[in-house]
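# The following block contains a protein sequence and its predicted model.
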Amino acid sequence: MSRALRYMPPLANRDLIVRPRLLDVLRSRFERPLTVVVAPAGFGKTSLLGQAVSENALSPVGEDRWLTCQPDDTTLSVLASGAFAAVGLSAPVPEDPRQAAVAVAEALWSAAPRHVALVLDDVHLVTPGSPAGRFLGHLVEELPGNGHLVLASRPPLPLSVSRLVATGDAVVLREDQLQFREDEVVAFAESRGVPPELLSDVGGWPALAELTATAGPFAVSGYVWEELLAQLSPERRHALALLVAVGGADEEIAAALLGRDVDLRSLLDGLPLVVHSRSGWWSLHGLWAAALQHHLDSEQVAEARRTAADVLRGRGQYPEAMSLLLDAHAWEDVRRLVVEVCECCTALVPTDVLESWLRRLPSAVQQSPEGLLLAAMVAESTSPDTAEVFLDRALARAGGAPGVRYACFNALVQLAFWRNDRHRMEVLLQELQDLAGEGHPGAPAIVALLQGVLAHSSDEVRAALAVPSLVSRTALHPVQEWLHAQLVLLKLGDAQTGEVLARRSLSHPATTMHGVSRCLLLESFRLRGRLEEAERLLPYLLTDMKPDKVLTSPELLTCAVSLLDVLGRHGEAGEILGTFRPVLGASPVAWAPLARTLAEVFHDLSGGAEQQAAAALRSIVPSNGGRLSGAVRVSPVAVPLLYVLVPEVRERWDADPPPGALADLYAGARALVELRERGSTAAAGTVPPSAWPVLRALLPVPWTAQLALGLVAAGQDGAQALVEDLGPAARVTLRAQAATVPPTLAATARALLRAIPAVPTARLHLRVLGPLELRRDGVVVNAPELRRERVRQLLGYLLTHDRPTRTAITSELWPDLDDAAAGRNLRVTLAYLQNVLEPDRGELDPPYFLRSAGPVLHLVTDGALEIDVLQFERALDEAARLERQGAPSAALSAYLQAVELWGGDLLADVAGGSWLEWERDRLRSRFVASAVRAGNLLLARGDTTTARTLAERALRADDCSEDAHQLLVSVHLADGDLVDAHRALRRCQQMLRELGVPPQPRTRALAQRLAAGR
């Protein structure tokens, strides 16, 4: 029940004897995919696994990750989320069991070369054939070479392992092996201070041996429990029975059950078969339940479970609380908990958990108002009509129960909100107002928020939100926090407050709202022009975008696609559109077509297909020329898209301009219309510089370039920097504007084109990893200037230093000359280098690759100039990013791309000072680390051939890399080549002796494996 015992082995209340014959089997868990321990209760499975984990911690062979299964682990979301947490994944759990298993397997694989064992205790609680059971089966199939699974279960095991046993990929420890042998009985008796004869009749059963040793020499065989319990006071037996009834306790739960003066440690001290966690959770073995089953009647057991459930409910541990209440048949409490979890539009636990609760309810409770509410929430996202039928039936049976009525009204509001059914929302608003009048504590906030949703103007929204329940800092339901953030952000344009509210919704432990709350947080950044922060948040939003979430929150698609296009990641934006178009086609949400269309229009505009975009947008605009109700609720990008492309909506926008940060978008849209349709820069001249970052973050790039042209033409200082920030995309737009717009704007566009260097038509590729080589459109450049040592040194210096000053360059390249002579040499050398890079550039054209800003020089390295060292570092940076996201497969591709680019030390044929040697050392270290990392990932996949090649390349680059030596030894071991493994190990040990450093733990572990001959 306790999450405290979820992710770590429990601590035994008494010392355990060491059982080497079993620990040896478990120590070898890192050498096979699967190890299974199957035996009835009382055979010490958990104790044995805990010992194995502790022993490994003292002398690690690999890493252990622990997960104790619980009764609600029959649902995929609960078991898989536990496995995700155990292996360090924070991503949402996929709906498909195989996909969830692949994610866990990838997380294990990403730990290579470390071997990781995922230890699952109490696996018998997972129902065979359930989604959770299928997840376990898929996990066994998907395990990488460095991933291992250890399962402990009462019989029968919920998955078949016979095939793996037959192939030698699995070992099963059974009851007969777990029984104490004679020498172990003697050792156990000695540890407990009793004669071995006392344990002669325990049959090797560890639990019975523990009980007999505790009960003492006067216990009669078969009556050990009675003798043990007779030694306890009635009060203590009663307390133990209560703790057993609720599955264990911490101090808070114990105080609720037994009184505030209880001391759990004193209560349980000296008792057998008791474990605890470091955080204070105590649990008694299941055998205590049988021994104490007659010490409480059914009413006392039920009351204890209800009491513990109330504590857990207060902590937000709803699945654990519900499990206790269901076991207690405490149907009234079950019904109240259903209302709490489902009271505000979106349930606080995943749908499959709700479904598992519904299955466990008796028919009478299923047909109660709360049972029907639960059924509605299960059906809500996939069958709204069915959900509405359930909710209507629930309301008909709810009578005067305000909690059920409140939850049902909120669920109906959700459905009406999805359908954009204003009339229905108004009717429900009246019902909620009646509840608020009756004193329901949650109703005033949702009433105010719903009034804000229905408001026609920003003033009405402000008035609706100015109620004490929203103005105060009192914590709201996460759905209410999210809706409050949406109204403040997208109806009032208050991005700063929107950020605060979105973060408050994200801070709630219920993850069901995290995706939509993160979307609002990201939009709050964009509406303040904080594009870099939005970009940092984007990977998390993309992780949140699961089909079931996008189905009911289609605005996630618009947000993701528009931001990707703003960032120039058009390919990714197109892929996401293709993935989620079918999902939105099945969405129950009325604005799903609008969200899809806005995303498609933004994507088309970013790619220059404006006519196609305009036609798509016009197809969804109301015939009455309305400004498309709810468009901004989907995304703030709707403001400029509609205003610019659909003239019919402008009158209404002009009559009621959007407030706050949305006003910046509106001002930019008006300026664009004036520029595009009238050639006027008047409106552009009034767009304040503070709005430029907002427009940069929310407009398609071609439109940003057009607007920047207008800003420059209007005389706005600093606007040219906005054009330059857009990169080559700006020139495409400017070139078109120079030929089509009115003369004044065309002249400005031509001037910008002259000031902004043209992208060369030829593509250069510079190789500097190894001997320097320059290619133009694939042909090697043999220009005589490139053979000059100073030209090559200058190129290397500009490549390794970001925007150096002329003084810094001359002091490094011409240290023996005075300033004037060094400056002349630099100018001549720069001219030579310019001729090499752009031999066809006109005399008056600004250089593209080598730019000067006062005393600073800058080498432009973009798509027109490909440089292998930059590609190498980008690939490694991308690999690191993918590793952080838990995507080792994608990271491996990036590593291999980087390794392929390595041709040797940086500028191997160029003489340089310390600046070059430092950079060579840094890049060499990155290469070796990446080759070793890729090799270890490949080795875990079983590709020993490529792994060996990478190990050898790494050693050629740095023979002192212990990690590379370790990889080579591991490859030979995986191939069964013990001779070469010994040879590689001796080479490593010799290197370490010469350096005078001790071997790493992994080197020692490999030596131990070789010494053992395996």
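Arrived safely, thanks for sending. Residues are numbered from 1 along each chain as shown.
# Count the neighbours of Pro20 for me.
10 (other C-beta atoms under 10 Å). C-beta coordinates here come from the backbone N, C-alpha and C atoms, glycine included.
# same question, Ala166
Per other C-beta under 10 Å, the neighbour tally for Ala166 reads 9.
# tell me the contacts of it?
Applying C-beta atoms under 8 Å, 6 or more residues apart in numbering to Ala166 gives no contacts.
# could you measure it against Ser160, distance?
Shown here: Ala166 relative to Ser160, a distance of 11 Å by C-beta to C-beta, to the nearest Å.
# again with Val262
45 Å.
# With Leu734 instead?
67 Å.
# and what of Gln177?
For Gln177 relative to Ser160 (C-beta to C-beta), the value is 20 Å.
# higher neighbour count, those two?
It is Gln177, of Gln177 and Ser160, that has more neighbours when counted by other C-beta under 10 Å, with 15 against 12.
# Surely the more buried one is in contact with Leu22?
Yes: distance between Gln177 and Leu22: 7.0 Å, which falls inside the contact criterion (C-beta atoms under 8 Å).
# Quick one: low-confidence residue ranges for the stretch 1-150 of the chain.
Counting by pLDDT under 70, the stretch 1-150 of the chain shows low-confidence ranges at 1-4.
# Next, please give the residue ranges for the strands of it.
Ranges of strands within the stretch 1-150 of the chain are 11-12, 34-38, 63-68, 116-121, 147-153, based on DSSP state E, counting those that start in this stretch.
# which stretch among these comes nearest Val516?
Val516 lies closest, by C-beta to C-beta, to one member of the strands of the stretch 1-150 of the chain: strand 63-68, at 29.1 Å.
# So what touches the closest one?
5-9, 52-53, 56-57, 82-83, 86-87, 111, 114-122.
# 7 Å instead, please
For strand 63-68, the external contacting residues (C-beta atoms under 7 Å, 6 or more residues apart in numbering) are 5-9, 53, 56, 82-83, 86-87, 111, 114, 116-122.
# partners of that strand, with directions?
strand 116-121 (parallel) (DSSP bridges).
# now the partner strand and strand 147-153, what's the angle there?
Strand 116-121 runs at 10 degrees relative to strand 147-153, counting by axes from the mean of the first three to the mean of the last three C-alpha atoms, to 10 degrees.
# begin at 33 from here
Sure thing, new numbering starts at 33, so read that last one as strand 148-153.
# Dump strand 148-153 to CSV, restricted to CA.
Provided in CSV are the C-alpha atoms of strand 148-153 (Å, rounded to 0.1, in the frame of the first residue of the first chain):
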residue,chain,number,x,y,z
VAL,A,148,20.7,-3.0,-14.5
ALA,A,149,18.3,-5.5,-12.9
LEU,A,150,14.7,-4.4,-12.4
VAL,A,151,13.5,-6.4,-9.3
LEU,A,152,9.8,-6.8,-9.1
ASP,A,153,8.5,-8.2,-5.8
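# Measure how far it is from the centre of its chain, please.
22 Å (C-alpha atoms, centre = their mean, to the nearest Å).
# For the stretch 783-932 of the chain, which segments count as strands?
Listed in chain order, the strands found in the stretch 783-932 of the chain under DSSP E, counting those that start in this stretch are 796-799, 805-808, 811-812, 882-885, 888-891, 897-899.
# List the strands paired with the first one, with their directions.
What it means is strand 796-799. strand 805-808 (antiparallel), strand 897-899 (parallel).
# which parts of the shortest one are buried?
Think strand 897-899. By neighbour count on 16 or more other C-beta atoms under 10 Å, the buried set for strand 897-899 is 897, 899.
# So for it, mean pLDDT?
What strand 897-899 shows for mean pLDDT is 90.
# Any buried residues in stretch 577-585, and which?
Buried residues in stretch 577-585, counted by 16+ other C-beta under 10 Å: 577-578, 580-585.
# between those, which is nearest Pro266?
Asp580 (52.9 Å).
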